[in-house]
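> quick one, what's the 3D model for this:
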Amino acid sequence: MGRAMACRALLITGGAFVLAAGSISGAGASARTSASDTFTTIDFPGATLTIAVGINKSGDIVGNYRDSTGFVHGFIDQGGTFTTIDVPGAISTDATGVNDKGEIVGQYTDSTGRIHGFTDQGGTFTTIDVPGATFTTALGVSDNGEIVGTYAIGAGATHGFIDERGTFTTVDFPGATSTSVRGVNRHGLIVGLYTDGTGAAHGFTDQGGTFTTIDVPGASFTAALGVNDHGLIVGEYRGSTGVSHGFTDERGTFTAIDVPGAGSTTAIGVNDRRLVVGDYTNGSGIHGFEFSPEG
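Below you'll find the predicted structure:
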């Protein structure tokens with residue numbers, strides 16, 4: 001596998017979206033303080049960095065890790081049993097999503113440095129390339145098998161896409177200068193983020209072509225990164241200090257998610273049991289986590 005920094009499921013080469021780690025500020029999401037909330041650290045054995053990105057109803061978690069030599073690999077964690085995911089011939093692999101049927105999606109970098117999406121069905125890998133694109137990333141998969149992600153053509157803006165059994169449809173937030181699609185549920189609800197004409201980033205939903213902006217009140221940056229089949233959305237926001245924390249959005253009610261003692265928290269994936277995965281930073285580096293809310 002190649003030398004690269006494990007990414008938070010997406011690195012947009014056009015410069016539009018880089019989801020960097022950070023800490024929290026006050027912004028407008030109410031804080032979680034319940035002693036019944038449970039956070040569990042996820043570290044791939046021997047890894048120097050671990051990021052948890054997706055989780056299905058069975059609790060299978062996918063993500064990526066960096067090994068001691070600096071190489072990046074995908075992984076799946078099934079009840080504490082970790083298995084590496086490497087696309088054959090790739091110089092780096094990131095697993096970014098998993099559905100309830102066990103289909104995994106992600107992105108890999110080939111020997112020329114080009115980024116492609118992929119699916120992994122029981123160890124059988126299939127490349128996903130939007131026709132004409134210079135890079136393609138697959139970032140989410142529904143239980144219906146719909147795959148979403150991001151692509152660009154040349155040095156142009158990034159666009160979201162949905163892949164329905166090989167038929168690609170572009171998803172662009174109206175008026176945006178760039179768009180990234182990050183998740184989709186079985187009802188076709190799409191989530192992601194876009195950049196407006198001022199350079200500000202916002203989260204969004206797209207339900208059948210009806211777009212709605214998601215902004216955590218008071219935040220300078222909002223990204224919607226995952227959604228479950230009940231419409232619960234998770235993501236990242238940054239306050240006035242420019243650093244980050246995770247959030248849930250339940251029909252417009254925002255709640256912060258912060259790993260206790262962490263310098264930053266980002267929520268990336270959520271399943272139908274309301275289990276949330278993501279990553280956090282502390283003095284020892286970047287770690288994945290699973291969050292089980294009270295009740």
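
> need the strands for the stretch 151-295 of the chain, in chain order.
Listed in chain order, the strands of the stretch 151-295 of the chain (DSSP state E, counting those that start in this stretch) span 158-164, 167-171, 178-184, 189-195, 201-207, 210-214, 221-227, 233-238, 244-250, 253-257, 264-270, 276-282, 285-292.

> what pLDDT is listed against the closest residue to His187 other than its chain neighbours?
Spatial nearest neighbour of His187, excluding adjacent residues (C-beta to C-beta, 6 or more residues apart in numbering): Asp229 at 6.7 Å. For every residue, glycine as well, the C-beta is placed using N, CA and C. For Asp229, the pLDDT comes out at 98.

> from Ala219, how far off is Ser240?
From Ser240 across to Ala219, the span is 9 Å (C-beta to C-beta, to the nearest Å).

> who's more crowded, these two?
Set Ser240 next to Ala219 and count neighbours by other C-beta atoms under 10 Å: Ala219 wins out with 26 against 11.

> look up the closest residue to Pro260, ignoring the ones flanking it.
Per C-beta to C-beta, 6+ apart, closest to Pro260 is Phe39, 6.6 Å.

> and the helix or strand the one you found falls within, what's buried?
For Phe39, the element it lies in under DSSP states H and E is strand 38-42. Within strand 38-42, the residues that count as buried by 16 or more other C-beta atoms under 10 Å are 39, 42.

> any idea which helix or strand comes after it?
According to DSSP H and E, the helix or strand after strand 38-42 is strand 49-55.

> and that next one, what does it pack against?
Using 3 or more C-beta pairs under 8 Å, 6 or more residues apart in numbering; DSSP states H and E as the contact test, the elements touching strand 49-55 are strand 61-66, strand 92-98, strand 264-270, strand 276-282, strand 285-292.

> report the angle between the second one and strand 264-270.
For strand 92-98 and strand 264-270, the angle between their directions (axes from the mean of the first three to the mean of the last three C-alpha atoms, to 10 degrees) works out to 60 degrees.

> returning to what we had before: now tabulate the strands of the stretch 151-295 of the chain in a markdown table and tack on mean neighbour count and distance to Gly74.
Below are those laid out as a markdown table (neighbours: other C-beta atoms under 10 Å; distance: least, C-beta to C-beta, whole Å):
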| stretch | mean neighbour count | distance to Gly74 |
| --- | --- | --- |
| strand 158-164 | 22 | 19 |
| strand 167-171 | 14 | 23 |
| strand 178-184 | 29 | 17 |
| strand 189-195 | 26 | 21 |
| strand 201-207 | 21 | 25 |
| strand 210-214 | 14 | 28 |
| strand 221-227 | 27 | 17 |
| strand 233-238 | 28 | 20 |
| strand 244-250 | 25 | 21 |
| strand 253-257 | 19 | 24 |
| strand 264-270 | 28 | 14 |
| strand 276-282 | 25 | 14 |
| strand 285-292 | 21 | 12 |
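
> all good on my end, thank you.
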